[in-house]
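A.B. asks: any chance you could fold what I've pasted below:
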Amino acid sequence: MVDFEVKNLIKNEDSGIRHLACRRYCLIKKEQHGSCFMYKNSEGKLYSLGYGCVSSYSIDPIEKKPLFHFHPFSKVFSVGGYSCNFACPSCQNYTIARFDQQKLNFTRRFLPQDLVDKAIKTGCHGLAFTYNEPTVYAEYTLDTFQLAKRAGLYTVYVTNGYMSCELIEQLAPVLDAASVDIKAFSKKTMHKVTAAINDFQGILHSCLLLKESGVHVEIVTNLIPTVNTDMHELKDAAKWVCDNLGDKTPFHITRYIPQQSLPGIPPTDYDFFNKVLAQNWALGLKYSYVGNVPNHSAQNTYCAECGEQLVGRFGSTYLQKGLNADGTCHNCHAAANFII
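C.D. replies: Below is the predicted model of the structure:
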């Protein structure tokens, strides 16, 4: 498979080609790359170097994305590529989220139909682009999702949310759900977390556009001690989600696992999760969850009206308890914002 010529999501300008998939809106001059290094202007044409490049694929429970209120208990065919439009020191998938030409040269390449066929053959209910930021090979995801929808599969983005309005407009008809990272809620903290940008409001705008386009949205914040754990900022983020995306929006706070690039920062303290959870609930968020914390009760879903346990989650085991087939509570019949 040769490099894929990008003919959509571009704007030709006098000094180069502007790529419109990501909010960085890179102006790529002749024989130069964009900031993620996955797009190159060669002889006045823009090429995607990552189209079809797959670093890994796996069959996952949908809850692992994490998506707790979207087709629970289903299996999703998860696909990752290479590179990212951020450079987060805390990245847990840094081995594939950093551009590496040698890896691209020797990686497996799959056509969009190949991924759809594998998803169906393995008995999966949907297809997700995950593990690294999917907007750095946006054209590949769009082509794949179009085929996936025709085949009856649901589609998922696991994303940092720094995607353009133009991409969201094209994604919306073929994207069913998105797990979006809100990494910070101030410019200063955003730059500390990403080592690339300070525009946290761009992610918020993406969340709003996805929600308004009918995409199921769940929010994730990885709590990195001393980096993005200011309680005032976390309060502002939770309030924004509650006020703008809705009080039934699932909000996942996950435990930081130490990485080599952030020496001296310990894992997130267990007790801190309880403080953040209490704050989220006090602000009105009805479904706030924890991740990477085994056996915490906030991995389960409880009815926001009567307190009945709807779903039990224990590691990789997921049990349907008081959740009806239509996504309502078995006890009081209240809706629980589930897409079944």
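A.B. asks: give me the nearest residue to residue 248, chain neighbours excluded.
C.D. replies: residue 337 (3.9 Å; C-beta to C-beta, 6 or more residues apart in numbering). Using the backbone N, CA and C atoms, a C-beta is placed for each residue, glycine as well.
A.B. asks: and what about the one you found, helix, strand or coil?
C.D. replies: Look at residue 337: counting by DSSP: H, G, I helix; E, B strand; the rest coil, its state is coil.
A.B. asks: can you pull the pLDDT of it?
C.D. replies: The per-residue pLDDT reported for residue 337 equals 94.
A.B. asks: now do residue 120
C.D. replies: 98.
A.B. asks: ditto for residue 217
C.D. replies: So, for residue 217, pLDDT stands at 98.
A.B. asks: picking up where we left off before, list the contacts for the residue nearest to residue 248?
C.D. replies: Listed by C-beta atoms under 8 Å, 6 or more residues apart in numbering, the contact set of residue 337 reads 69, 246, 248-250, 286-287, 327.
A.B. asks: the bottom helix or strand of this structure by mean pLDDT?
C.D. replies: Among the helices and strands of the chain, helix 101-106 carries the lowest confidence by mean pLDDT, DSSP states H and E, at a mean of 82.
A.B. asks: same for the strand ranked longest in the chain, what does it pack against?
C.D. replies: Ranked by residue count and defined by DSSP state E, the top strand of the chain is strand 216-223. Here strand 216-223 touches strand 177-181, helix 200-212, helix 231-244, strand 251-255, helix 270-283, going by 3 or more C-beta pairs under 8 Å, 6 or more residues apart in numbering; DSSP states H and E.
A.B. asks: who's in contact with the last one?
C.D. replies: This means helix 270-283. For helix 270-283, using C-beta under 8 Å, 6+ apart, the contacting residues are 223, 225, 229, 231, 234-235, 238-239, 242, 251, 253, 255, 288, 290, 293, 296, 298.
A.B. asks: just the third one next, same as before
C.D. replies: Applying C-beta under 8 Å, 6+ apart, the set of residues contacting helix 231-244 from outside is 182, 184-186, 189, 204, 207-208, 219, 221, 228, 249, 251, 275-276, 279-280, 283-285, 288.
A.B. asks: now a ChimeraX select for only the buried ones of those.
C.D. replies: Here is the ChimeraX command that selects only those of the contacts of helix 231-244 that count as buried (16 or more other C-beta atoms under 10 Å):
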select :182,184,185,186,189,204,207,219,221,228,249,251,276,279,280,283,285,288
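A.B. asks: pick the most deeply packed of the helices and strands packed on strand 216-223.
C.D. replies: Burial of the helices and strands packed on strand 216-223 is given as mean neighbour count (mean count of other C-beta atoms under 10 Å); strand 177-181 ranks first at a mean of 25.
A.B. asks: restricting to C-alpha, output the helix or strand residue 169 falls within in PDB.
C.D. replies: Following DSSP states H and E, one finds residue 169 within helix 165-171. Provided in PDB are the C-alpha atoms of helix 165-171 (Å, rounded to 0.1, in the frame of the first residue of the first chain):
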ATOM      1  CA  CYS A 165     -15.000  21.400  13.400                       C
ATOM      2  CA  GLU A 166     -14.500  20.400   9.800                       C
ATOM      3  CA  LEU A 167     -13.600  16.800  10.800                       C
ATOM      4  CA  ILE A 168     -16.400  16.600  13.300                       C
ATOM      5  CA  GLU A 169     -18.900  17.600  10.600                       C
ATOM      6  CA  GLN A 170     -17.700  14.700   8.400                       C
ATOM      7  CA  LEU A 171     -17.400  12.200  11.300                       C
END
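A.B. asks: which residues are contacting it?
C.D. replies: With C-beta under 8 Å, 6+ apart, helix 165-171 has contacts from 8-9, 20-22, 135, 138, 141-142, 145, 157, 163, 205-206, 209-210, 213, 215.
A.B. asks: how about that helix: buried residues?
C.D. replies: 166-168, 170-171.
A.B. asks: ditto for stretch 19-38
C.D. replies: 19-24, 26, 28, 33-38.
A.B. asks: any idea which of those residues is the one closest to residue 127?
C.D. replies: residue 21 (19.0 Å; C-beta to C-beta).
A.B. asks: mind checking the SS state of the residue nearest to the closest one when sequence neighbours are not counted?
C.D. replies: Distance criterion C-beta to C-beta, 6+ apart; nearest residue to residue 21, sequence neighbours excluded, is residue 138 at 3.9 Å. Here residue 138 is helix, with the state taken from three-state DSSP.
A.B. asks: quick check: pLDDT value at residue 138.
C.D. replies: 98.
A.B. asks: so what's the residue count around it?
C.D. replies: 29 (other C-beta atoms under 10 Å).
A.B. asks: okay, now the unreliable bits of the stretch 101-250 of the chain?
C.D. replies: Within the stretch 101-250 of the chain, no range satisfies pLDDT under 70.
A.B. asks: can you list the domains in the protein?
C.D. replies: Annotated domains of the chain cover 4-48, 53-299 [automatic domain parsing].
A.B. asks: so how far is the longest strand of the chain off the chain centroid?
C.D. replies: Taking C-alpha atoms, centre = their mean, to the nearest Å, one finds strand 216-223 lying 8 Å from the centre of the chain it belongs to.
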